[in-house]
Each structure stands twice: as structure tokens, then as C-alpha cells.
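J.: Here's my sequence, what's the structure:
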Amino acid sequence: MGKQVHRFPAFESRKVSHPVFETIHKYWLTVKATDFPSGVSAAANAREPVGLNRMVYRDVRASLEGKEATPGSFDLMNKGITILALSVRLVDKDKQIFEVVVDDEAGGIVDGAHTAKIIEKCNADGTTHPEQYVEVFIRTGVEDTLITDIARGLNTGMQVAPKSIYNIDGVFDWLKAEVADKPYEQMISWRESDNADYDVRDLISVLEMFNIFDFPNDGGKHPISAYEKWSIPLEKFATDYEENNKKLKGSKYYKLRPILNDALVLYDHIRHDFRGVRNEAGGSAGKMNILEEGSKDRKLEFPFAQLPPSEYRLTKGAAYPMVAAFRNMVVLDASGNATWQGGFKAVLRLWSEAASELVEETYNATKEIGRMPDQLGKNRKHWDNLHMKIQLRLLRAQLIVQRARKG
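T.: Next comes the predicted model:
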């Protein structure tokens, strides 16, 4: 049996005895993510911490880095890390530092190995947000006969994702047909096990942003759930499919399909152009938290619009309210299907004309609402402000046309 010794500085800690197994003690530590030690054995875990490029784990990393979640909320969103240890000893009472000894052949992390690996990678890259914490649960005195049962029981929490079930049921079939033969067709995951850069929920969220049936342009509601909670648009999409699968023409999302690929192109343009527009206006966007930063060796892609890769890209939280503002350009044709007012070229032209105004509004919002993309993506006033700016531009354009006709 090999042993590992790790030190955990805790912000808060507790110790309790087990009510049945007298030899077992349970420890609960709240640990700063940047202080979580690297290399903790995961021999007891039922799943190898692999596949970190899967969408679900990329989301965990984004939240840990504070890109797509409020800094300080990581421990509230993540179920934590459970470790089976040989012993736990408080070595510094004032600093709450615990020495934890694990068996590196049969013990260590029994649940949360992927979380631990993501924290380790972010710490090594220096991208972990300093305000993030993680819950660490440590068990000592666990007999070998119980380890397998504990590992099995803790890991049953990873259920089959709803999107995987919907995929089997054919809910996404017409979406697949819409992106078939597109350059990004292979970049979209339809099941939990798919390893791809984008997710079917990205497509559904984009459709939701332009959903004029549930969010009419003359109303005061906005599709904030497209960013705030992916599960809501996904469930709405599935319910809509179940109600209309025998006659898809009655599906509101199916009626939005003609604008899907164009909307994805617009999404890429906004994410790509934001930094340049801000800099051209005399501001400095290079250090803004609402921008993702790649590197010279690993540039960020824009597959929907086939734009050149860049070291910078606007985050989802900042991009979604801007994209959704162009819902103003969606109208229904004679068949009841969605189309663009004046065609998609008019949409791109409007983005070019309004970009500086929308970028400035977004920049100002970072000062008033908060500097993190998650704060923008969930702020109803911000969504409304951007939507109104596009609406006013269109109204002014209509007035000019009317006056010209009268003249």
C-alpha cells in the first residue's frame, strides 16, 4: 500500500462521527479552489477523470474560471469532492490546515474526480478565479468491503442527460437535417457522450432568442432562460415536438427553422466583432472580463460564420442579450414561417450600423450591473435596453421611409 500526504487549508471545517460504524469519521471542509492540492489519487473512483473536453466539463471549467457564473458560487453549483482517507489531522489550528493521508492504490477521491482534475488544470494554467471554493468531504475508517458500495452509490448521481433521451426519441431529427452538410455539422453534440465544441442546446437557445411566438417584439418579455437555464428551452423544445410531431408545421420551433443557420452566423459576427468595435470607438476591450481569451497558439473559432480565428471572443453571457435584440428583425411569411425583415443581408447591415451603440451599451452595463458575463446574461433590464435600441432604430427607419413617400 502506497501513501499520499496532502494538506488542505480550510475556510470552514467540521467533524462528525458515524451513527452506525464506530470507526468511521466524516469531515467536511470548505477549501479555496486555488488551494486544492494536485495529484490526489482517484483510485477509488468508479469513473476515470477523462473526457474533460465534453460540454458538461467545459461548462464546469467556465464556471470555475468565473466566465459563465458569478464568482464565489462554484461551491453552490458543484456537489464537491469526496475522499476516502487513512487519516486526517489538524496540523495548524489557527490557519485551519489539515493533513490528509490517503491510500493511493485503493483510496483517494471516490466521487468528484472530474471536478478535482478540472481544478488542477485551471490552477496549473492560472485561470481559477480567486473567489471560488469547493466542498471537500473526507471519510476515514472505511473498511475495504464498503469502498465498492460507496463508489457505486455516489456515482449513480450522473444520470442519463435528457438530451440523450430526446436524441433517441428523434426529437432533434429536423434540427440535424437543418445543419446537415454545414461546415459545423460535426461540431455539434446530440448526446451526452458526444465530444464536440457545441451542443444541441446551443442551437435550441439560439432559436429561443428569436422565438417571436413566446416573446413577441411588442411585449416586455425576453428569452433570458436561453442563457440563464439551458434546461428550460430544451424542455420547451421537447414538449413542442411531442405536441406536434405528427404535423411539424404546427411546431413554433419548426417555424423558426428557416432562420436558424443565419442566426448562428449573426451570433458569430457579434462574438467576433465586439472587441474590434470597442477598440475602434476609442475604448480598450483587451482586459474586459466579458471577453474570452485564447492564445496565439490556440485561437478561438467562429465556425458558423466561417470568420478568421481570433485570440478574443465575446462570452455567451454578454453575447446573448445582443443577439436577442435582433429578434426585432424576425417576421412571419405567408406560410407562418419565420423570415428576416428585408432579408438576412439587412440583418448583417443593421448589426454593422448599430454595433457601436450596442457595444457601448454593453460596456456601460458592465459598470452598472457588474463586470462578469453571467451578470449581464441574467439581467432583464440589460436585455430590454438592447432590444429597445434596435427597435428604435427600425422605427426611425420606417418614419424616414413614410416621410419620403409623403414628400
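J.: which secondary structure elements does the lengthiest helix in the chain contact?
T.: When the chain is parsed with DSSP state H, its longest helix is helix 380-406. If contacts are counted by 3 or more CB pairs under 8 Å, 6 or more residues apart in numbering; DSSP states H and E, helix 380-406 sits against helix 316-324, helix 344-368. Heads up, the C-betas are built off the backbone N, CA and C, glycines and all.
J.: Could you tell me the angle between it and helix 316-324?
T.: Per axes from the mean of the first three to the mean of the last three CA atoms, to 10 degrees, the angle that helix 380-406 makes with helix 316-324 is 20 degrees.
J.: for helix 380-406, which positions count as buried?
T.: Judged by neighbour count (16 or more other CB atoms under 10 Å), helix 380-406 contains these buried residues: 382, 383, 385, 386, 387, 389, 390, 393, 394.
J.: okay if I get these as TSV plus pLDDT and distance to residue 248?
T.: TSV is the format used below for the buried residues of helix 380-406 (pLDDT from 0 to 100; distance: CB to CB, whole Å):
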residue	pLDDT	distance to residue 248
382	97	34
383	97	29
385	97	35
386	98	32
387	97	29
389	97	35
390	97	30
393	95	34
394	94	30
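J.: what comes up buried for the helix or strand residue 147 falls within?
T.: Per DSSP states H and E: residue 147 is located in helix 144-155. For helix 144-155, a neighbour-count test (16+ other CB under 10 Å) marks 147, 150, 151, 154 as buried.
J.: next one: stretch 295-315
T.: For stretch 295-315, by 16+ other CB under 10 Å, it's 300, 301, 302, 303, 304, 305, 310, 311, 312, 313, 314, 315.
J.: any idea which of the residues you listed is closest to residue 362?
T.: Taking CB to CB as the measure, residue 362 sits nearest to residue 314 out of those, at 8.7 Å.
J.: What separation is there between that closest one and residue 44?
T.: Here the criterion is CB to CB, to the nearest Å. By it, residue 314 lies 41 Å from residue 44.
J.: same question, residue 125
T.: 27 Å.
J.: pretty sure residue 100 contacts residue 8?
T.: Yes: judged on CB atoms under 8 Å, residue 100 makes contact with residue 8 at a distance of 6.0 Å.
J.: Can you show me the helices along the stretch 1-150 of the chain?
T.: Counting by DSSP state H, counting those that start in this stretch, the stretch 1-150 of the chain has helices at residues 55-64, 74-77, 113-125, 144-155.
J.: buried ones in the shortest one?
T.: I take that to be helix 74-77. 74, 75.
J.: so what secondary structure elements neighbour it?
T.: Judged by 3+ CB pairs under 8 Å, 6+ apart, helix 74-77 is in contact with helix 55-64, strand 133-140.
J.: The ones you listed: which one's closest to residue 353?
T.: Closest to residue 353 of the helices and strands packed on helix 74-77 is helix 55-64 (CB to CB; 31.6 Å).
J.: neighbouring contacts of the closest one?
T.: 33, 51-52, 68-69, 73-74, 77-78, 114-115, 118-119, 121-122, 128-129, 132, 161, 189, 192, 194, 196, 198-199 (CB atoms under 8 Å, 6 or more residues apart in numbering).
J.: so how far is residue 153 from residue 346?
T.: For residue 346 relative to residue 153 (CB to CB), the value is 57 Å.
J.: Write the PyMOL selection for whichever of the contacts of helix 55-64 are buried.
T.: Buried residues among the contacts of helix 55-64 (16+ other CB under 10 Å), as a PyMOL selection:
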select buried, resi 33+68+69+73+74+78+114+115+118+119+122+128+129+132+161+189+192+194+196+198+199
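J.: which residues does residue 139 contact?
T.: With contact set as CB under 8 Å, 6+ apart, residue 139 has these partners: 24, 25, 26, 27, 82, 83, 84, 85, 110, 150.
J.: Can you add pLDDT and give those residues back as CSV?
T.: Converted to CSV, these look like this (pLDDT from 0 to 100):
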residue, pLDDT
24, 94
25, 96
26, 96
27, 97
82, 94
83, 94
84, 94
85, 94
110, 89
150, 77
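J.: Quickly name whichever of the residues you listed is closest to residue 272.
T.: residue 82 (41.7 Å).
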